[in-house]
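>>> Have a look at this prediction, sequence included:
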Amino acid sequence: MNESAEMSAAAANVRIIPSIRDIDESWGRCCRRLRAELGENVFTSWFGRLKLDSIETGRAQFSVPTRFLKSWIEAHYSDRILAALEAEIGGVASVAIALRSSMGASVAPPAASTAVSQPKAIEAAHSNAARLVSATAPRGGATRDDAAIYSEALASSPLDRRLTFASFLVGRSNQLAYSAAQRVVEDRAGQTPAFSPLYVHSAVGLGKTHLLQATAHAAVAQGRSVIYLTAERFMYGFVAALQSHTAIAFKEAMRSINLLIIDDVQFLQGKAFQNEFGHALNALLDSGRQVVVAADRPPADLESLDERVRSRLAGGLCVEMTALDEPLRIKILEARIAAARAQNPHFSVSPAVVAFVARSIVSNGRDLEGAVNRLNAHSIVGSPLTVEAAEVAIRDLVRAHEPRRVKIEDIQKLVASHYSVSRSDILSARRTATVVKPRQVAMYLSKALTLRSLPEIGRRFGGRDHTTVLHAVRKIEGLSATDTALREELELLKRMLQD
C-alpha cells in the first residue's frame, strides 16, 4: 500500500471529537425531540438534570447528580435517548451514565452492576404502606404517568401568602415560640442549628400554622431548600411515591433539604408512615439540618406516635403557645377590623365594643375573626354597633368557662391525686377496685370536658378499646344519678379542672 493510501485509511478510522458547543447544540436537538415524544412533565422530571458530557468513538457519555436518577433513566429511557441521538447526530452506538459530583465532575461507574437496590430496612418500613397502595391502585394497571405521580409526591403543601411574620401578632402567650421561629430563620444553610427540632404545640386556633408558614416563607425568601407539609400531605406523598415506584427518590428528597416543616403531626398514623418520618427525622437531625414540627399536644402525649419518634422530638426545643391574653386578643381584633374596613370603609367599631369582645371571647383567634365578621354584617345592614348589639351578634361565640379546653393529661393527674393513686396506675392494666373507679371517673371527665373521640380517649388511657371508654362513661353516669356524694365529687373535679 502506498503512502497516500495508508494516510487515507488512517483518516477513515479517526473520529473527530465534537466541541463543547457542538455537543450542546446536538443535545439541544435531542431534547426537543424527547420533549415532543414524552411530554413536558416526563421530560422535566427525568431529563432536566441529565447532562451530555462527551461523544467519543460511538459512545455518548452522560452524567446525573443522584444514583436514583441514574438507575431510573438507565432502566426506562436509555433506548429512547439512543434513538434520539442516532436520529439527530448519528454514529452513536451506546449510552453511558455516570454520577456527577457536587463540583460538577462525572464519577465513572464501577465495573460491577450499578443497579440501585432498596435496603431491607426501607423495604420493611414500606411494607404496610405497600399493602395500602395495592388496595387503592386503579384496576387494570396505572392510568397516570409515573413521573407526574412522583412530582406530586415531592410537592409541598400550599403556603398562604398572608401568613407571614409581618402579619403574626405577638403577645405574652406566643413570644417564646415566635422568637424561636425567628432564630430558625436566622440560622443560615450550612450553619449548625441553635436547636433542632423546634417543636411547637397548642390548642386549635392559637397560631401554630401561621407561625410555621411564616417560617417557611422567610426561609424560601433566603433561597433555602424548604419543604412544608401537613401530616396528611406527608402520608399522601409517601403513598404516591410507592405507587410510582419512586420511594427511594422520595426518601432522598426528604433527607436532602435544608429545612423540613411538618404541621399537625398528631395526625400521622400507621406504622409505615411513622417509620418513614422517623428515618427522615433522624437523617436530617444527624446531618445538622433544621426540623420544625407542630402538634396540638406535647411529644410525650402523642401516644399513637412511635416512642422513638416522640423521644427525638422531645430532645429539641419544645414550646407551648398558650391561651391568648386580653391585650393580644385586642391586637388581633384591631387587625381584623382594619382588614375588614379595607373592604367596607363604613365599618367602624368603638373601643368599648372592641374591649367587650376581647373580654367575652377568650377561646382562639378564629372565634375572634368570626366575631369581626358578625359585627361587619351588622354594620352593613345599618344597625348601630353598640355594646348591646355586639353582645347579640357574638352570642354563639361566647364561651363563659370553656370546659372543652381541658387536657386529658390534666384530668388524669387531678383524678389520680384526688383518689391517692398514681397516673401510671390509671394507665395500667390493673383491675383492683382502688384503681378501676378513678380510671372510670377520669374517662368520664375526658368525654365530658374534651372534644376527644372515644377511640382517642381509649388510646390515651393505655391503648384501651373505645368500648371500654363507653362502658366507663355509662357506668359513672348511672352511679352519679343515684349517688349524691359521687355527683358532688364530679362537680368539684370539673370546677377544679375548668378554673
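Looks like it came in fine. Numbering: from 1, shown residues only.

>>> Dump stretch 160-174 to CSV, keeping only the CA atoms.
What follows is stretch 160-174 as a C-alpha-only set of coordinates in CSV (Å, rounded to 0.1, in the frame of the first residue of the first chain):
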residue,chain,number,x,y,z
ASP,A,160,-50.9,31.0,52.3
ARG,A,161,-49.2,34.3,51.2
ARG,A,162,-51.0,36.1,54.0
LEU,A,163,-49.4,34.0,56.8
THR,A,164,-46.1,35.8,57.2
PHE,A,165,-44.1,37.1,60.2
ALA,A,166,-45.3,40.6,59.3
SER,A,167,-48.9,39.6,59.9
PHE,A,168,-48.2,37.5,63.0
LEU,A,169,-49.2,39.3,66.2
VAL,A,170,-47.0,38.7,69.2
GLY,A,171,-48.1,38.6,72.8
ARG,A,172,-47.1,37.1,76.1
SER,A,173,-48.7,33.8,75.1
ASN,A,174,-46.6,33.2,71.9
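
>>> what mean pLDDT does it have?
Summarised as a single mean, pLDDT over stretch 160-174 is 90.

>>> what do you get for stretch 413-431?
Mean predicted lDDT for stretch 413-431 stands at 91.

>>> same deal with stretch 360-380?
If you average the pLDDT values across stretch 360-380, you get 85.

>>> Tell me where the stretch 151-300 of the chain has strands.
With DSSP state E, counting those that start in this stretch applied, the stretch 151-300 of the chain shows strands at 198-201, 226-230, 259-263, 290-295, listed in chain order.

>>> so what secondary structure elements neighbour the second one?
Okay, so that is strand 226-230. Contact partners of strand 226-230 among helices and strands, from 3 or more CB pairs under 8 Å, 6 or more residues apart in numbering; DSSP states H and E: helix 208-221, strand 259-263. For the C-beta atoms, the positions are set from N, CA and C on the backbone; glycine is no exception.

>>> Relative to Thr386, which of these is closest?
Distances from Thr386 to each of those were compared by CB to CB, and the smallest falls on helix 208-221, at 31.8 Å.

>>> how does this protein divide up, domain by domain?
20-107, 175-320, 326-397, 403-498 (automatic domain parsing).

>>> per-residue confidence for the residue nearest to Arg255 when sequence neighbours are not counted?
Sequence neighbours aside, Ala283 is the residue nearest to Arg255 in space, at 4.3 Å (criterion: CB to CB, 6 or more residues apart in numbering). Turning to Ala283, the model gives it a pLDDT of 84.

>>> The chain should start at 803 in everything you say after this.
With 803 as the first residue, the last one maps to Ala1085.

>>> so Ala1085 sits right up against Ile1059, yeah?
No: with contact defined as CB atoms under 8 Å, Ala1085 does not reach Ile1059; the gap is 10.5 Å.

>>> who has more neighbours, the two?
Of the pair Ala1085 and Ile1059, Ile1059 is the one with more neighbours under other CB atoms under 10 Å, namely 19 against 15.

>>> ok so, going back, how near is the residue nearest to Arg1057 to Thr868?
For Ala1085, the distance to Thr868 equals 15 Å [CB to CB, to the nearest Å].

>>> With Pro1240 instead?
Here Pro1240 is placed at a distance of 56 Å from Thr868 (CB to CB).

>>> before we move on, what about Leu1281?
The gap separating Leu1281 from Thr868 is 64 Å, by CB to CB.

>>> Compare neighbour counts for Pro1240 and Thr868 and give me the winner.
When Pro1240 and Thr868 are compared on other CB under 10 Å, the one with more neighbours turns out to be Pro1240, at 22 against 17.

>>> What residues does the more buried one make contact with?
Counting by CB atoms under 8 Å, 6 or more residues apart in numbering, Pro1240 makes contact with 1217-1218, 1220-1221, 1223, 1227-1228.

>>> Those into JSON lines, with extra columns for secondary structure?
Supplementary listing: those in JSON lines, determined by DSSP: H, G, I helix; E, B strand; the rest coil:
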{"residue": "Val1217", "secondary structure": "helix"}
{"residue": "Ala1218", "secondary structure": "helix"}
{"residue": "His1220", "secondary structure": "helix"}
{"residue": "Tyr1221", "secondary structure": "coil"}
{"residue": "Val1223", "secondary structure": "coil"}
{"residue": "Asp1227", "secondary structure": "helix"}
{"residue": "Ile1228", "secondary structure": "helix"}
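
>>> Most widely separated two among these?
His1220 and Asp1227 (12.8 Å).

>>> What's the local residue count around Thr966?
Close neighbours of Thr966, defined as other CB under 10 Å, add up to 17.

>>> Contacts only, for it.
The neighbours of Thr966, taking CB under 8 Å, 6+ apart as the test, are 1015-1016, 1019-1020.

>>> what do you get for Val1155?
Neighbours of Val1155 in contact, by CB under 8 Å, 6+ apart: 1177, 1187-1189, 1192.

>>> Is it part of a helix or strand, or is it coil?
Once three-state DSSP is applied, Val1155 turns out helix.

>>> Okay, it and Thr1236: tell me how far apart.
54 Å.

>>> what does Phe1263 give?
As judged by CB to CB, Phe1263 and Thr1236 stand 17 Å apart.

>>> what's the spacing between stretch 880-896 and its chain's center?
42 Å (CA atoms, centre = their mean, to the nearest Å).
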